[in-house]
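Visitor: Here's my sequence, what's the structure:
(one chain, ligands or ions: 1)
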Amino acid sequence: MKIGVIGIGITRFGEIWDRGLRELLLDSQLRALNDAKIVPQQIDAMFTGNMLGDSLSGQVHIGAMATENLNLDKPSIRVEGACASGALALRQGIKAIESGDAEIVMVNGVEKMTDVDTGQVTTALMGAGDEELEGFHGLTFPGLYSLLANAYMHKYPSLTRDILAEVAVKNHFHGARNSYCQFKNEITKETVINSTMVADPLTLFDCSPITDGSATIIIAKEEIAKKMNSEVFITGSGLATDTLSLARRNTLTAIPAGQKAANQAYAQSNITSKDISFAEVHDCFTIAEIMAVEALGFAKEGEAFNLYKNKETYFDSKHPINTSGGLKACGHPVGATGIKQAIEATMQLRGEAKNRQVLNATVGVTHNVGGSGATACVHVFKRLR
Ligand code: COA
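Guide: A predicted model of the protein is given here:
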């Protein structure tokens, strides 16, 4: 599979109080069109990742909103898969091109989360868990990931509180070098450990924040992308699912759907984890990044702590992880995150990541998770020129 990336556009991530869902979406759409140097009429179809439009903005039917924004009447569909909505939308765009249904597809991810209070957002996000087995009993997403963190740290005590904090320290370091990021401040291990407890052992700085933002990527079939001198191509797309609830999960110390999705995407791309120059992974909580790094094959289960202890996940080291700042520092507008990851991968492979640029980057991977691991979608990006 070779699907070209011909345009990218992203808004600032953060608390954006002067724009609604529609304006945010339009902003990233226009930026991507400008980057691709095409007009809206050249787009054959659109897919838009969004999870919370109905519960937080009273707005569904975001597929039609996306085409209305550009005065188009082309096919347009909203895609929902909790926090993996963005990557799922990208996968649907790829499938539309592969099927011959479309040649140029615009894929958006948009979310507006900061107009309501944190309690409402927490309840709405919990829709990604199992309502009967988890939400009804009062569990929240920080709570679910704290269960995973406790299970993991009990089985693998080498992952200490100090080393877990290094995930957030590194992501804030990268975020401080990314202009569209929500938090641009570097932090220390002490900041993480001494910040407010949210769900033991996870403190405020172990958590991704609540964020507004929109991201758009325009993809095209190989021949068209080559004519447009695209350098970046998507060569693999893997998708796997698991139980909604942790109670029914076979393991609490790994996210197997991530590993299955990665294996599919690697096989399609004819690569192993050794070929990967960098990865954007789903660090909704620090423990999630540890499990993601293991799912992608950079370390065996229980051994990712070594990478953080030895500071090997910075942009200029052996395994650059989350050069965008990740969900932790860049922010997590849930439906937009998967597209933001694809944009960061494209920027890295084009050599446009400035002071967080990975040297000689040729292969990038994005890993986007929905719920506590019930959906995982992995894409492989390659620089082919
Ligand atoms: N990391 C660092 N700082 C954060 C932060 C985070 N995750 N979230 C908020 N802050 C900061 C704010 O900027 C603010 O700073 P200021 O006082 O200097 O302006 C301060 O902390 C308080 O912010 P507030 O918005 O009142 O925080 P909150 O208590 O309402 O929310 C969390 C904090 C952790 C509960 C919330 O961010 C959260 O629920 N995160 C998880 C989201 C989630 O589950 N996503 C889905 C994952 S699968």
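
Visitor: count of neighbours near residue 384?
Guide: 16 (other CB atoms under 10 Å). All C-beta atoms are positioned from the backbone trio N, CA, C, and that covers glycine.

Visitor: That one reaches residue 225, doesn't it?
Guide: No. Using CB atoms under 8 Å, residue 384 is not in contact with residue 225; the gap is 9.4 Å.

Visitor: Overlap of the contact sets of those two?
Guide: In terms of CB atoms under 8 Å, 6 or more residues apart in numbering, residue 384 and residue 225 are both contacted by the residues residue 233.

Visitor: Residue numbers of the stretch 201-350 of the chain in contact with the ligand?
Guide: Neighbours of the ligand within the stretch 201-350 of the chain, by CB under 6 Å from any ligand atom: 204, 205, 207, 208, 209, 210, 284, 332.

Visitor: And the first one, how close does it get to residue 142?
Guide: Distance of residue 204 to residue 142, given as CB to CB, to the nearest Å: 10 Å.

Visitor: residues shared between the contacts of the two?
Guide: Residues touching both residue 204 and residue 142 (CB under 8 Å, 6+ apart) are residue 198.

Visitor: which one of these two has more residues nearby?
Guide: residue 142 (22 against 15).

Visitor: what sits against the residue lying closest to the more buried one once chain neighbours are set aside?
Guide: Distances taken as CB to CB, 6 or more residues apart in numbering put residue 199 closest to residue 142, at 4.0 Å, once the chain neighbours are dropped. Taking CB under 8 Å, 6+ apart, we find residue 199 in contact with 140, 142, 143, 145, 146.

Visitor: how does this structure divide into domains?
Guide: Domains of the chain are assigned by automatic domain parsing as 3-117+211-232, 139-209+235-379.

Visitor: sec struct for residue 317, please.
Guide: Following DSSP: H, G, I helix; E, B strand; the rest coil, we place residue 317 in the coil state.

Visitor: Renumber starting at 718 from here on
Guide: Sure thing, new numbering starts at 718, so read that last one as residue 1034.

Visitor: pLDDT score for it?
Guide: Per-residue pLDDT puts residue 1034 at 98.

Visitor: related to what we said a few turns ago, for ChimeraX, what selects the buried ones among the residues of the stretch 918-1067 of the chain next to the ligand?
Guide: Of those, the buried ones go into a single ChimeraX selection, burial set by 16 or more other CB atoms under 10 Å:
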select :922,924,925,926,927,1001,1049
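
Visitor: From the residues of the stretch 918-1067 of the chain next to the ligand, pick the one nearest residue 1089.
Guide: Taking CB to CB as the measure, residue 1089 lies nearest residue 1001 of these, at 9.1 Å.

Visitor: Just confirm that closest one contacts residue 859, I think it does.
Guide: No. If you go by CB under 8 Å, residue 1001 and residue 859 don't touch, sitting 9.3 Å apart.

Visitor: shared neighbours of the two, anything?
Guide: Here residue 1001 and residue 859 share the contacting residues residue 924, scored by CB under 8 Å, 6+ apart.

Visitor: list the contacts for the residue in the stretch 968-1102 of the chain that the ligand sits nearest to?
Guide: With CB to the nearest ligand atom, the shortest gap between the stretch 968-1102 of the chain and the ligand falls at residue 1001, namely 3.6 Å. Residue 1001 sits next to 800, 858, 862, 924, 925, 1044, 1049, 1086 when contact means CB under 8 Å, 6+ apart.

Visitor: can you tell me which of these are in strands?
Guide: When DSSP state E is applied, the contacts of residue 1001 are split such that residue 1086 fall in strands.

Visitor: tell me the two of the contacts of residue 1001 that are most distant?
Guide: The widest separation within the contacts of residue 1001 (CB to CB) is 14.9 Å, between 924 and 1086.

Visitor: Check what pLDDT the nearest residue to residue 764 once chain neighbours are set aside gets.
Guide: Distances taken as CB to CB, 6+ apart place residue 806 nearest to residue 764, at 4.1 Å, with adjacent residues excluded. pLDDT, residue 806: 99.
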